[in-house]
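Chemist: got a sequence here, can you build the structure:
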Amino acid sequence: MNKKISIVGVPCDYGQQRRGVDMGPSAIRYAGLQQRLTDLGYEVEDEGNIQVIEGDAAIHKDEKLLNLEEVIKVNTALAEKVLSVVNKDYIPLVLGGDHSIAIGTLAGLSMKYKNQGIIWFDAHADLNTPETTPSGNIHGMPLATSIGLGHERLTSILHAEPKIKAENIVIIGGRSIDEGERELIKSRGIKIYTMHEIDRLGMTYVMEETLKYFNQLQIDGLHLSLDLDALDPLYTPGVGTPVAGGITYRESHLAMEMIQESGLMTSAEFVEVNPILDERNKTADVAVALIGSLFGETLV
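Modeler: Numbers count the residues shown, from 1 in each chain. This is a model prediction of the structure:
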């Protein structure tokens, strides 16, 4: 695996309506991220944060899309930064912020990886469009946007083509899925392992099948997009949209370890840490521990 990592913070909370997630990158850094990666033998470069202009952006609405202009600005800047990171052969490690930032991450990565696989580790499918969204929150739309569905100014960041293929997505941990998302999953053939499958089959089987699937697709890169609400709120209380009955702490570490062992992972992002809702930075600590496992930390 590439031993050079660039950390990019995105203190954006415009993709949803609960304040505090903009402090997520700082909380994750404070939990000892850079030292943990350095101790694993990586050359770590912290690129700082993407500039996010603060303000009461909710007054700027485009029908059902809240804070559209602000989300576009942040994701355009992030896409350009991620592209610069991969162009110098560093692994992008993006810290959110809410999950709307995945729009920019995937746009930047798409300039290098043309057959990229995506593991979407999340309680939610994030496949809503302006027509199906029940809330108008863009953090529920990044996967749909990235396959080319939704507002044209979001789908055309950096370039007009879809950033990923629907068949290259595997959602893991889903347990809160809207009706429009269910229809899209079926019509586009998007692969998903809900908590039902994880409970019935076990995380080892789910990850083995996921990684085998990506090998069959002959992907040229693998991106992990991990929303901390994929885990049960018992382990990650500091998230904006907690859903009971999630993935356990140990199951999550196992998944990270198996991704690392596969040698496929080329980029990652960890999002939705909200220190205001957290307990003594517990959720950020979990994020850093999972990042450690993803990048090769082992028990012995």
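Chemist: just to be sure, Tyr193 is in a helix?
Modeler: No - Tyr193: not assigned to a helix; according to DSSP: H, G, I helix; E, B strand; the rest coil it is strand.
Chemist: which strand residues bridge it?
Modeler: Counting by DSSP bridges, Tyr193 is bridged to Ile172.
Chemist: from Val300, how far off is it?
Modeler: Using CB to CB, to the nearest Å, we find Tyr193 at a distance of 29 Å from Val300. From N, CA and C alone the C-beta is placed, and that goes for glycine too.
Chemist: look at the two and report which has more neighbours.
Modeler: Per other CB atoms under 10 Å, whichever of Tyr193 and Val300 has more neighbours is Tyr193, with 20 against 2.
Chemist: just checking, that one touches Ile185?
Modeler: No - judged on CB atoms under 8 Å, Tyr193 makes no contact with Ile185 at a distance of 11.7 Å.
Chemist: joint contacts of those two?
Modeler: Counting by CB atoms under 8 Å, 6 or more residues apart in numbering, the shared contacts of Tyr193 and Ile185 are Ile171.
Chemist: from Gly32, how far off is the residue nearest the centre of the chain?
Modeler: Central residue of the chain (CA atoms, centre = their mean): Ser225, 2.7 Å from the mean position. Using CB to CB, we find Ser225 at a distance of 22 Å from Gly32.
Chemist: quick check: what element follows the helix or strand bottoming out on mean pLDDT in the chain along the chain?
Modeler: Taking mean pLDDT, DSSP states H and E as the measure, the helix or strand of the chain with the lowest value is strand 61-62, at a mean of 55. Beyond strand 61-62 in the direction of the C-terminus, DSSP states H and E gives the next helix or strand as strand 65-66.
Chemist: packing partners of the next helix or strand after that following strand?
Modeler: As assigned by DSSP H and E, the chain's next helix or strand after strand 65-66 is helix 68-87. On a contact count with 3 or more CB pairs under 8 Å, 6 or more residues apart in numbering; DSSP states H and E, helix 68-87 meets strand 4-10, strand 61-62, strand 91-96, helix 102-110, helix 152-155.
Chemist: only the buried residues of helix 68-87, if you could.
Modeler: Neighbour-count burial for helix 68-87 flags 68, 70-83, 85-86 (criterion: 16 or more other CB atoms under 10 Å).
Chemist: please apply the same query to stretch 289-300.
Modeler: Buried residues in stretch 289-300 (16+ other CB under 10 Å): Ala289, Leu290, Ile291, Gly292, Ser293, Leu294, Phe295, Gly296, Glu297.
Chemist: I'd like these written out as CSV, with secondary structure, pLDDT and distance to Arg250 added.
Modeler: Below are these laid out as CSV (DSSP: H, G, I helix; E, B strand; the rest coil; pLDDT from 0 to 100; distance: CB to CB, whole Å):
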residue, secondary structure, pLDDT, distance to Arg250
Ala289, helix, 98, 11
Leu290, helix, 98, 11
Ile291, helix, 98, 16
Gly292, helix, 98, 14
Ser293, helix, 98, 10
Leu294, helix, 98, 15
Phe295, coil, 98, 18
Gly296, coil, 97, 18
Glu297, coil, 96, 14
